[in-house]
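> structure for this input, please:
(chains A and B)
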2 protein chains.
Amino acid sequence: MTDRLIYLPLGGAGEIGMNAYVYGYGAPGKERLILVDLGVTFPDMDGTPGVNLIFPDMTWLKERKDRLEAIFVTHAHEDHVGAVAHFWEQLGAPVYARAFTAHIARLKMEEKGLPDGTVRTVSAWPERTEAGPFTVGFAPISHSIPESSALVIDTPAGRVLHTGDFKVDTAPVVGEPFDHAMFEEIAGEGVQALVCDSTNVFSEHAGRSESTVGPEIEKLVASSTGMFVATTFASNVARVRTLAEAGERAGRSICLLGRAMRRMIEAAVSTGVLSSFPKVISAEEALDMPRDNVMLLVTGSQGERRAASAQLAQGKYRGIELREGDTFLFSSKTIPGNERGVIRIMNQFSEIGVDIVDDDSGRYHVSGHANRPDLLEMHRLVSPKIVVPMHGEHRHLREHARLASESGKRGIVAVNGTMLDIGGDAPLIVDHIETGRTYLDGSVQVGALDGIVRDRIRMALNGQVIVTVIVDEDNEPIGEPWCELRGVPTTGRSNAPLVEVLEADLNQFLARAEAKTLSDDDRIEDSMRRIVRQTCLDEIGKKPEVVVVVSRLI
Amino acid sequence: MTDRLIYLPLGGAGEIGMNAYVYGYGAPGKERLILVDLGVTFPDMDGTPGVNLIFPDMTWLKERKDRLEAIFVTHAHEDHVGAVAHFWEQLGAPVYARAFTAHIARLKMEEKGLPDGTVRTVSAWPERTEAGPFTVGFAPISHSIPESSALVIDTPAGRVLHTGDFKVDTAPVVGEPFDHAMFEEIAGEGVQALVCDSTNVFSEHAGRSESTVGPEIEKLVASSTGMFVATTFASNVARVRTLAEAGERAGRSICLLGRAMRRMIEAAVSTGVLSSFPKVISAEEALDMPRDNVMLLVTGSQGERRAASAQLAQGKYRGIELREGDTFLFSSKTIPGNERGVIRIMNQFSEIGVDIVDDDSGRYHVSGHANRPDLLEMHRLVSPKIVVPMHGEHRHLREHARLASESGKRGIVAVNGTMLDIGGDAPLIVDHIETGRTYLDGSVQVGALDGIVRDRIRMALNGQVIVTVIVDEDNEPIGEPWCELRGVPTTGRSNAPLVEVLEADLNQFLARAEAKTLSDDDRIEDSMRRIVRQTCLDEIGKKPEVVVVVSRLI
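The predicted structure is shown next:
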């Protein structure tokens, strides 16, 4: 069989989050593999209550780890780097990243107690790293975090450009501007496939530069009295610097609050990404200064319950309390699904009398992703045979594929688990792999389909009744069955305590039950479950989950 | 003591939802009362899993029902009328509404098996209804549902204008246009207080008329092939008619899908609100027609799981399946918090190949609420002494009060439970009432603070371990303790089944426990709970909820 070049998203294609893209080259079933990015997605109460983090299901790759040459990480956002430390031991391949990303990845490895040397720092294009049949270069590309990189993946079947997350920004404030000439040069040798960010394909106008928000932020800060507080993603180092500099110009000292905020700025300084940053003061120092002279830069732009912003909204954080007349700026966009949390904080601030400025106007925030015209520019610059949209929900991938096809490229929608051969003139679907999600729950990885989270959701929706009954050696019940309610109303239609109504019904059942039933735990459980559910339906109008514990004296 | 005029929001002030506003007139503590609106708000998995509906806590009013003269309902949206039937027996006051609203309210009363005659239909202003010291008129005002009304509430202390929900729309397609002259006339006698919708106070530009969406929708429908499907709030009868007429002009037959859609159109026709509506066909008839000749108008604009739109997205609804090339229009805005549900549907349609048109552009939807300039216009028209912002979160109320104060009115923020005296030159806070929420859970009303829902959330976040142990007459344990897991990972750090690890630890405890411990159920429970939580923390990194059932043989 002839060698082929395959692309297989295990995460990130058909969703925004937990990116994990496999490339392979070789004879079918024997391809040597590399993995690009290994990120997380975040749980929510609707579908994943109690879960800490969501990972792509890496079973397919773990079963082929002997063929895995390397892991390349495009940038340090959690949805690209967040799962690396959790799977590193299971995959056993070297991890490559540029300095800033490597720094963040190493912190994660350290937290998991993994050895030094697991992450290798590479320099930007034109430096390249060999990994089996692949040669991979990190081409700097503008995004909302330092040192984001497109990967130039050279293979015997041609060159693939994997954009990672990007925008077209020629003045990104921190880090390398978008370099048209470099991409033209990269494209010069011919590009077989462009695997491309799709996040903002529905945004019709060209994206705005990070440098456009500075003047607006400066005006706002200059016109504010009282304490000035701003939140943004800590990893958006350019934005954090823009905010800090606006504060400094307005005569304010800068105080960074929240672990991620300090960690990201430290990473940026120590890796040389950030050459200058205003002097920062501690929370204690901030407390001693006139409010007009302080600017707080805080974590929690998405309304996260434990972040600095949420704690300030609830009262105080590290001794600092906001007051009437202070200003709080969301220099950020609320990610769909986080609205409730953000709105809760806004209203808490409103109750204190803090003036809130959000990004409704578009003045104080710009997106880190390429909009539709920017995507078209990328298509044109790179001029690939094939366009494979990634980093998007199905609707984004579909629209992006359509966009590519309109300009004569071969676009294709390939969601997680779709294995493509991208070595020919047109992309071919060659296999479908079972993919899914794995949950980090406490310290344990559990499968999304294990039923554990499903059980939690059922208990949350329906409440639970626990029934215990004791049966003796002769299959005679001892005493009466006992009920406990959790998350179930205590009284219903009859106005008698629900527990008593249930126990009476169960007792009646036991008294009448035949020996055949009483000798069989499953029968007892089934019958009692049915009785509890029916009685609850009559009394309180819903059927709770039921656990029946039959104890036998033997 | 002299008589006073009080205003007391029990719901709707400090939130968007579950509106319930009390007005009173008389000697302090002896005021005769009326209630304006009695609505619901909707539960979510984050804070109210398993709950069916959320009501304002009406305890304060129930305890004073002898002083309640009447309930007036401004319009038929669920957040204004949804709780009327649930509290009608407890409050025992006549309900007044205009025909369309009364029709909807009666359907709700019927569903609860309440007698006829509970809802009295009144005509529009200048007709008035007497209720103790109050005389109340329903002044037609434009909104996104037929026959929305501002209430003209005359009292011995002067006139109050309670806007209800409104926008300034002089061409609302269905129902009465905003009537400047009428409000000038109402204001002519002098208005003591304007109690005013605040929803869109942060929207800077004047609101657009309902009539502006028709031409855009017509263009879209005319240019579409395949089946055309549109969703909007069924209660937005004007929009439903606009959509239907656009379909009719494009040669399509109209099929209404979803209970609310049919119910609202029937209500509008039977009350004379809707004089013309295109002929509708059944789902069966739609199945027999060429796809190009069909328009479906469906429920589920907010991504509700059981609505017609969600069912179409998952496969089929009443036999109808969408296909590649069909078009689905969201003629609606996603309410914050509903994003995930709407996005899920969009992606499901994308997978089928259905083209989705949403309202990102603002072309196919307009809001039903007054924007900032419209609020200012209302202030100017009515020229009240006092402005009391309502129908908004805290941030909306605060901004609206500020807006009023800027133009020389007395604005005040009064959240749920704040009792104002609004009879003087300036509003006075005279009391704070304990307010809150009541949940409809199955068929039972439970208090938000009863702990029932809290227990569900804890089970959802932490999972649950159930321990049963039997102790005999001599305080000796019989057999070994028994564990059941629900929503808890089955194996942890030691790779042994968690149940076995737990049972071993609990057994060890029992074997060593002193008689003093074993004679005391509380001690057994406390110790066992602690052991389970600690062992789970070691094994799986989290502490589940624990139920210990001690059974004693006596």
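> in which helix or strand does residue A:107 reside?
Here residue A:107 sits within helix A:99-111, counting by DSSP states H and E.
> where does residue A:143 land in three-state SS?
Under DSSP: H, G, I helix; E, B strand; the rest coil, residue A:143 falls in the coil class.
> show me the contacts for it.
Contact partners of residue A:143, counting by Cβ atoms under 8 Å, 6 or more residues apart in numbering or on different chains, are A:75, A:164, A:165, A:166, A:167, A:368, A:369. C-beta coordinates here come from the backbone N, C-alpha and C atoms, glycine included.
> for residue A:417, same thing?
Contacts of residue A:417 by Cβ under 8 Å, 6+ apart are A:8, A:9, A:10, A:432, A:433, A:434, A:435.
> next: residue A:216.
Per Cβ under 8 Å, 6+ apart, neighbours of residue A:216: A:363, A:364.
> local confidence estimate at it?
In this model, residue A:216 is scored at 95, pLDDT.
> SS state for it?
Using three-state DSSP, the structure places residue A:216 in helix.
> burial of the residue of the stretch 451-554 of chain A found nearest chain B, as a residue count?
Using Cβ to the nearest Cβ, residue A:541 is the residue of the stretch 451-554 of chain A that sits closest to chain B, at 2.8 Å. By the criterion of other Cβ atoms under 10 Å in any protein chain shown, residue A:541 has 16 neighbours.
> could you report the separation of it from residue B:453?
15 Å (Cβ to Cβ, to the nearest Å).
> before we move on, what about residue A:223?
44 Å.
> more crowded one of these two?
residue B:453 (23 against 9).
> got a pLDDT number for the more buried one?
At residue B:453, the predicted lDDT confidence score is 97.
> just checking, what packs against the strand or helix carrying it?
Residue B:453 belongs to helix B:452-462 when assigned by DSSP H and E. If you count contacts as 3 or more Cβ pairs under 8 Å, 6 or more residues apart in numbering or on different chains; DSSP states H and E, helix B:452-462 packs onto helix A:452-462, strand A:477-486, strand B:437-441, strand B:545-552.
> if we go to 6 Å?
In terms of contacts (3 or more Cβ pairs under 6 Å, 6 or more residues apart in numbering or on different chains; DSSP states H and E), helix B:452-462 is packed against helix A:452-462, strand B:545-552.
> and the longest one, what's buried?
Right, the one you point to is helix A:452-462. Using 16 or more other Cβ atoms under 10 Å in any protein chain shown as the test for burial, helix A:452-462 gives A:452, A:453, A:455, A:456, A:457, A:458, A:459, A:460, A:461, A:462.
> can you list the weak-confidence ranges in the stretch 1-150 of chain A?
Under the criterion pLDDT under 70, the flagged ranges of the stretch 1-150 of chain A are A:1.
> can you name the residues of the stretch 451-554 of chain A that neighbour chain B?
Listed as neighbours of chain B in the stretch 451-554 of chain A under the rule Cβ under 6 Å from any Cβ of the partner chain: A:452, A:455-456, A:459-461, A:463, A:466, A:468, A:470, A:484, A:486-487, A:489, A:492, A:540-542, A:547, A:549, A:551.
> now the stretch 301-450 of chain A
Selection of the stretch 301-450 of chain A residues close to chain B by Cβ under 6 Å from any Cβ yields A:336-337, A:339-340, A:346-347, A:350-351, A:393-395, A:398, A:441-444, A:446.
> which ones among those residues lie within helices?
Judged by DSSP state H, helices contain the following of these: A:339, A:340, A:346, A:347, A:350, A:351, A:394, A:395, A:398.
> now, of the residues you listed, which are buried?
A:339, A:340, A:346, A:347, A:350, A:394, A:395, A:398.
> what's the most distant pair in those residues?
A:350 and A:398 (40.0 Å; Cβ to Cβ).
> is the nearest residue to residue A:448 once chain neighbours are set aside bridged to anything, and to what?
Sequence neighbours aside, residue A:437 is the residue nearest to residue A:448 in space, at 4.2 Å (criterion: Cβ to Cβ, 6 or more residues apart in numbering or on different chains). With DSSP bridges as the criterion, residue A:437 is bridged to residue A:56.
> what's the domain layout of chain A?
A:4-205+A:367-449, A:210-357, A:463-552 (automatic domain parsing).
> could the ones you listed go into CSV alongside distance to residue B:410?
Output for the domains of chain A, formatted as CSV (distance: least, Cβ to Cβ, whole Å):
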stretch, distance to residue B:410
domain A:4-205+A:367-449, 41
domain A:210-357, 18
domain A:463-552, 44
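> go through those and name the closest to residue B:405.
Comparison of those against residue B:405 by Cβ to Cβ identifies domain A:210-357 as nearest, at 13.9 Å.
> which residues does residue A:232 contact?
Shown in contact with residue A:232 (Cβ atoms under 6 Å, 6 or more residues apart in numbering or on different chains): A:239, A:301, A:331, A:332.
> wait, what's in contact with the second one?
Applying Cβ under 6 Å, 6+ apart, one finds that residue A:301 lies in contact with A:231, A:232, A:233, A:332.
> how about low-confidence regions in chain A?
For chain A, the stretches with pLDDT under 70 are A:1.
> what's the single longest helix in it?
Longest helix in chain A, counting by DSSP H: helix A:521-540.
> which residues of the stretch 201-350 of chain A fall in helices?
Using DSSP state H, counting those that start in this stretch, the helices assigned to the stretch 201-350 of chain A run over residues A:213-222, A:237-249, A:259-270, A:283-287, A:308-314, A:339-352.
> before we move on, back to that, pull out the buried positions in the helix holding residue A:107.
Buried-residue list, helix A:99-111, by 16+ other Cβ under 10 Å: A:99, A:100, A:101, A:102, A:103, A:104, A:105, A:106, A:108, A:109.
> contacts for that helix, please.
Identification of contacts with helix A:99-111 by Cβ under 6 Å, 6+ apart yields A:73, A:75-76, A:81, A:84-85, A:97, A:118-119, A:121, A:146-147, A:267, A:271, A:273.
> of those residues, which belong to strands?
Per DSSP state E, strands hold the following members of the contacts of helix A:99-111: A:97, A:119, A:121.
> pull the number of nearby residues for the residue of the stretch 151-300 of chain A found nearest chain B.
In the stretch 151-300 of chain A, the residue that lies nearest chain B is residue A:202 (6.8 Å; Cβ to the nearest Cβ). Burial measure for residue A:202: 16 neighbouring residues, criterion other Cβ under 10 Å.
> need the contact list for residue A:470.
Going by Cβ under 6 Å, 6+ apart, residue A:470 touches A:478, A:551, B:551.
> what helix or strand is the closest residue to the last one other than its chain neighbours located in?
Counting by Cβ to Cβ, 6+ apart, residue B:470 is the residue found nearest to residue B:551 once chain neighbours are left out, at 4.8 Å. In this structure, residue B:470 sits in strand B:464-471 according to DSSP H and E.
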